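**Q** this one's sequence-less:
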């Protein structure tokens, strides 16, 4: 009986210590504030481009490139804002994954849009050198 | 102060993107907007982690970015070949 109570008390203490370790000290230096503000500006510009551009490809252009720049700014500012090395390397892990996957997803969306035949804005001024726009078969479900 | 301004800007950005998800004339616009929405959510969660100084939100941001990338890949693979997995 005594052992069981002592073990549960130890578990409660360990969970309390772990919860206290989760809260890290944050000091926002001017450099990190400037980085966060620049990243937010680029994300807002990307959203404005996604609202106002006339075409799927131009919207993809705005989203992919400006999102890479804005994510770099915001994650860099967050990595500078956290004091401890553990939190900083977690932020850098998120940033590395983000920088690896954002161009790949943009490429895959553009590839699928071209092969499934989404037409660009103003076809008079665009040149399709490959000539494969809409080359994939048009029916969508039921293939295997 | 900076964090509150960033939260307001990200809210406006998410509103624009949700408008594009609902309105977008083709599915390419919708997939692009959903990918961008996942990025916005990950950035919002990282800023929440700074504001509350609670590190467990960083894992939430990592999971949100992984799920956004995998959903984009699944959408495009389905639209190109009719199936997601081989």
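**A** Perfect, thanks for sending it. Nothing here was measured: the structure is a model prediction, and the numbers come from that model.
**Q** C-alpha only now, for contacts and for neighbours.
**A** OK.
**Q** so what's the closest residue to chain B within chain A bridging to?
**A** Proximity of chain A to chain B (C-alpha to the nearest C-alpha) peaks at residue A:23, 4.7 Å away. Per DSSP bridges, the residues bridged to residue A:23 are residue B:54.
**Q** what's the burial count for it?
**A** Residue A:23: 15 surrounding residues under other C-alpha atoms under 10 Å in any protein chain shown.
**Q** residue contacts, it?
**A** By C-alpha atoms under 8 Å, 6 or more residues apart in numbering or on different chains, residue A:23 lies in contact with B:53, B:54, B:55.
**Q** ok, so of those, who is nearest residue B:64?
**A** residue B:55 (15.1 Å; C-alpha to C-alpha).
**Q** which residues sit in contact with the closest one?
**A** Contacts of residue B:55 by C-alpha under 8 Å, 6+ apart are A:22, A:23, A:24, A:87, B:49.
**Q** how about residue B:9?
**A** Residue B:9 neighbours (C-alpha under 8 Å, 6+ apart): A:40, A:41, A:44.
**Q** rewinding a little: export the contacts of residue A:23 to JSON lines and tack on pLDDT?
**A** JSON lines is the format used below for the contacts of residue A:23 (pLDDT from 0 to 100):
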{"residue": "B:53", "pLDDT": "87"}
{"residue": "B:54", "pLDDT": "87"}
{"residue": "B:55", "pLDDT": "88"}
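**Q** next, count neighbours for the residue of chain B found nearest chain A.
**A** Closest residue of chain B to chain A, C-alpha to the nearest C-alpha: residue B:54 (4.7 Å). Residues near residue B:54, counting by other C-alpha under 10 Å, number 20.
**Q** now the most centrally placed residue in chain A: which helix or strand?
**A** The residue lying closest to the centre of chain A (C-alpha atoms, centre = their mean) is residue A:98, at 5.0 Å. Using DSSP states H and E, residue A:98 sits in helix A:85-115.
**Q** thinking again about what came up before, hmm, residue A:24 and the residue of chain B closest to chain A touching each other?
**A** Yes. The pair residue B:54 / residue A:24 is scored as a contact, 6.3 Å apart, by C-alpha atoms under 8 Å.
**Q** give me the element the residue most central in space within chain B is part of.
**A** Geometric centre of chain B, nearest residue: residue B:38, 0.9 Å, by C-alpha atoms, centre = their mean. Assigned by DSSP H and E, residue B:38 belongs to helix B:27-52.
**Q** skip ahead from that helix and say which helix or strand is next.
**A** In N-to-C order, the element after helix B:27-52 by DSSP H and E is helix B:56-81.
**Q** and the angle from that following helix to helix A:85-115?
**A** Going by axes from the mean of the first three to the mean of the last three C-alpha atoms, to 10 degrees, helix B:56-81 is angled at 20 degrees with respect to helix A:85-115.
**Q** check which helices and strands helix B:56-81 sits against.
**A** For helix B:56-81, the elements it packs on are helix A:85-115, helix B:27-52, judged by 3 or more C-alpha pairs under 8 Å, 6 or more residues apart in numbering or on different chains; DSSP states H and E.
**Q** in the last one, what counts as buried?
**A** Under the neighbour-count criterion of 16 or more other C-alpha atoms under 10 Å in any protein chain shown, helix B:27-52 has B:27-50 buried.
**Q** hmm, residue A:69 is touching residue A:39, no?
**A** Yes. With contacts counted by C-alpha under 8 Å, residue A:69 reaches residue A:39, the gap being 6.8 Å.
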